[in-house]
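Colleague: Let me see the structure of the following:
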Amino acid sequence: MANSNREILWTKDFIFTSVVNFVMMLSMYLLLVTMATYSMQEYNASISLAGFVASIFVIGSLIGRLYAGKKIAEMGNKKMLMTRIIAFFIVTIMYFLPLGLIGMMIIRLFHGIFLGMATTATGTIIAQVIPATRKGEGIGYFSMSIVLATAVGPLIGTFLVSGFGFTSIFIFSVVMAAVSLILSLFLNPPEITQPKEELKEKKGFSFSEYFEKHALPISAAMFVMAVAYSGILSFVTEYASSINLMQAGGFFFLVYGVSVLISRPVTGPLMDSKGANIVVYPSLVLFALGLLLISQASTGFIFLTAAVLLGLGYGNFQSIAQAIAIKLTPPHRMGLANSTYFIALDLGLGVGPLLLGYLVPATGYRGMYFSLVFLVIIGIVVYYFVHGRKDKEMA
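Modeller: Numbering: from 1, shown residues only. Coordinates of the predicted model:
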């Protein structure tokens, strides 16, 4: 009977943790797309400075993940989640204060730090409550909380700002923080049991305290793919406008999210039963085809077809890569595995726009997206060497 209970995926802890993660990420993405405009209108910030106000959040998130990955086993995942959501809630309220541009930057930095810590805790809780035989399926459904937030957050943000002004997005974010806090009270996840030898105080810097070696190889492949996807995340709206497909551009991330949602009930269980390769290689080929198609898009239909291919491609690789990182890691280091994976993901999404920003003036958006097809092909080779060739043995 105990064994059959362990096979249940949709437990209260799984559902509540996924919802908590979704509402926090929703708050992140709606602020991410509106803070640059807010800084320019409210504080007369330059375009580059306004962009920094928006993106400093990602720097904070990276700092938070580094700390949380190291401390979560000592502190306990529920305590880490609760204390950081409370801090997240307090910082969100501070958006209402007229603290000037520097003050706004500090708020954004700490908002990112606390979100990085809290989402490392949610990822670790999920890894603990998913049955071992359903890891791919469970991580796939959990990662939908991020995909949906990516699709819905910007839509809500732009709708609220255009209809009710900037104050409305701060009110919405406070409500989301309160919802995540209330739901987290009802969580009762298993805690991480740390071996005695790892509880001893270590002197000096130790790489293993901040990164999980078993998760590093697949995280390297994730970094390459995140750089490629950053070209979509950062420039697709401007690209749609430049080729007179603004209406299709407005629906792009929604179509992307729906295609991921529809494919998850197939790809997750397939990974659990047949191994990662059977999902990963077709996904990465579809990712490359999506980039190729969007580089040649001339109609709304082609543009949104590319969104479907990118959802089936990158959207599925993102969750499968996280499942691989967790599957290869000892249970007491799952927090570090999650932070290692997300640091690679966030770094790719953060560094990508800086690098691609130099490419766009030389090649245009079409040329940039065409170039990213070759980056994905390089990523396929990286995946083969870091994991793909030994997937069967590891499974």
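
Colleague: gap between the helix or strand that contains Asp346 and the chain center?
Modeller: Assessed by DSSP states H and E, Asp346 sits inside helix 334-386. Centroid separation for helix 334-386 versus its chain: 14 Å, with C-alpha atoms, centre = their mean, to the nearest Å.

Colleague: Wait, Thr92 touches His111, no?
Modeller: Yes. Thr92 is within contact range of His111, at 7.0 Å (criterion: C-beta atoms under 8 Å). For the C-beta atoms, the positions are set from N, CA and C on the backbone; glycine is no exception.

Colleague: quick one: pLDDT of Pro195?
Modeller: Pro195 carries a pLDDT score of 58 in this model.

Colleague: got the buried residues for the next helix or strand after the helix holding Asp346?
Modeller: Later in the chain than helix 334-386, the nearest helix or strand by DSSP H and E is helix 391-394. For helix 391-394, a neighbour-count test (16 or more other C-beta atoms under 10 Å) marks Asp391 as buried.

Colleague: so after the helix or strand containing Ala73, what's the next helix or strand?
Modeller: For Ala73, the host element (DSSP H and E) is helix 47-75. Using DSSP H and E, the helix or strand that follows helix 47-75 towards the C-terminus is helix 77-93.

Colleague: can you pull the buried residues of the helix or strand following that next one?
Modeller: Toward the C-terminus, helix 77-93 is succeeded by helix 100-129 as the next helix or strand (DSSP H and E). The neighbour-count check on helix 100-129 (16+ other C-beta under 10 Å) flags 101, 104-129 as buried.

Colleague: which ones are touching Gln322?
Modeller: The contact partners of Gln322, taken as C-beta atoms under 8 Å, 6 or more residues apart in numbering, are 123, 139, 143, 338, 341.

Colleague: Quick one: distance of stretch 178-190 to the chain centre.
Modeller: Using C-alpha atoms, centre = their mean, the mean C-alpha position of stretch 178-190 is found 20 Å from that of the whole chain.

Colleague: export that stretch as CSV, just CAs?
Modeller: Extracted C-alpha coordinates of stretch 178-190, given in CSV (Å, rounded to 0.1, in the frame of the first residue of the first chain):
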residue,chain,number,x,y,z
ALA,A,178,-0.1,37.2,-0.3
VAL,A,179,-1.6,34.2,-2.1
SER,A,180,1.7,32.4,-2.3
LEU,A,181,2.3,33.0,1.4
ILE,A,182,-1.2,31.7,2.4
LEU,A,183,-0.8,28.5,0.3
SER,A,184,2.7,27.8,1.6
LEU,A,185,1.3,27.6,5.1
PHE,A,186,-0.5,24.4,4.2
LEU,A,187,2.6,22.6,2.8
ASN,A,188,4.0,19.7,4.7
PRO,A,189,6.9,18.5,2.5
PRO,A,190,9.5,15.9,3.5
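
Colleague: Identify the residues contacting that stretch?
Modeller: Contact with stretch 178-190 is made by 12-13, 16-17, 19-20, 23-24, 77-78, 81-82, 85-86, 88-89, 118, 125, 128-129, as judged by C-beta under 8 Å, 6+ apart.

Colleague: List the buried residues for it?
Modeller: Neighbour-count burial for stretch 178-190 flags 179-181, 183-184, 187, 189 (criterion: 16+ other C-beta under 10 Å).

Colleague: Looking at pLDDT only, which of these scores worst?
Modeller: Confidence by pLDDT is poorest for Pro189 among the buried residues of stretch 178-190, given 83.

Colleague: Now it: closest residue in space that isn't a chain neighbour?
Modeller: For Pro189, ignoring the flanking residues on the chain, the nearest one in space by C-beta to C-beta, 6 or more residues apart in numbering is Ile125 at 4.4 Å.

Colleague: ok, the one you found - contacts?
Modeller: Taking C-beta under 8 Å, 6+ apart, one finds 13, 17, 77-78, 81, 187, 189 in contact with Ile125.

Colleague: So which residue is smack in the middle of the protein?
Modeller: The centroid of the chain falls nearest to Ile146 when counting by C-alpha atoms, centre = their mean (5.6 Å).

Colleague: how far does the helix or strand hosting that one sit from the chain's center?
Modeller: Element membership of Ile146 [criterion: DSSP H and E] is helix 135-164. The chain centre lies 10 Å from the centre of helix 135-164; the measure is C-alpha atoms, centre = their mean.

Colleague: tell me the contacts of the closest residue to Tyr365 other than its chain neighbours?
Modeller: Spatial nearest neighbour of Tyr365, chain neighbours left out: Tyr239 (4.1 Å); criterion: C-beta to C-beta, 6+ apart. The neighbourhood of Tyr239, defined by C-beta under 8 Å, 6+ apart, consists of 249, 294, 365, 369.

Colleague: Who are the contact partners of the third one?
Modeller: When contacts are counted by C-beta under 8 Å, 6+ apart, Tyr365 touches 235, 238-239, 242-243.

Colleague: Low-confidence bits of the stretch 101-250 of the chain, can you list those?
Modeller: Scanning the stretch 101-250 of the chain for pLDDT under 70 picks out the ranges 192-207.

Colleague: Could you spell out which stretches of the protein belong to which domain?
Modeller: Taking automatic domain parsing as the criterion, the chain consists of the domains 7-189, 208-395.

Colleague: ok, so of the contacts of Ile125, who is nearest Ser162?
Modeller: Checking the contacts of Ile125 against Ser162 by C-beta to C-beta gives Thr17 as the nearest, at 32.7 Å.

Colleague: show me the residues around the closest one that make contact.
Modeller: 122, 125-126, 129, 142, 187, 189.

Colleague: And Phe303, by the same measure?
Modeller: Here Phe303 is in contact with 240, 245, 248-249, 252, 294, 297 (C-beta under 8 Å, 6+ apart).
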